[in-house]
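K.L.:
how would this look folded up:
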Amino acid sequence: MEETFFPFEQLDVYALAVDFAAEVYRMTATFPDTERFGLTNQMRRAAVSVSLNIAEGRGRGTDREFVRFLMMSRGSLFEVLSAAQIAHRLN
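P.N.:
Predicted structure coming up:
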């Protein structure tokens with residue numbers, strides 16, 4: 001196992017979120033250039049936000065704050081899923 005420095009790095013959900021963001025970046029790399037500032041940018045930002053909110057929430061120090069940031073993280077995940085459905089419909 002890799003050495004970690006921060007508590008959030010030990011969370012399985014954090015590792016999954018980082019993998020998810022990397023996959024969204026790979027997937028959106030195939031999008032047309034006309035979407036660079038549209039769906040591509042929006043999906044990438046939302047995907048990255050998932051892991052960022054997990055990390056920030058864990059760093060807040062209270063369970064209540066952590067849960068609040070997990071809910072924001074889930075919202076970002078749903079945002080990516082919605083954008084992916086739009087992209088799918090547009091081929």
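K.L.:
buried stuff in the one helix or strand residue 71 maps to?
P.N.:
Using DSSP states H and E, the secondary-structure element containing residue 71 is helix 63-89. By neighbour count on 16 or more other CB atoms under 10 Å, the buried set for helix 63-89 is 66, 69-70, 72-73, 76-77, 79-80, 83-84, 87. (C-beta placed from N, C-alpha, C; glycine too.)
K.L.:
of those, which is the nearest to residue 56?
P.N.:
The shortest gap between residue 56 and any of the buried residues of helix 63-89 belongs to residue 69, at 5.6 Å (CB to CB).
K.L.:
the residue nearest to the closest one when sequence neighbours are not counted: which element?
P.N.:
On the basis of CB to CB, 6 or more residues apart in numbering, the spatially nearest residue to residue 69 that is not a chain neighbour turns out to be residue 57, at 2.4 Å. Here residue 57 sits within helix 39-59, counting by DSSP H and E.
K.L.:
gap between that helix and the chain center?
P.N.:
When C-alpha coordinates are averaged (CA atoms, centre = their mean, to the nearest Å), helix 39-59 and its chain have centres 4 Å apart.
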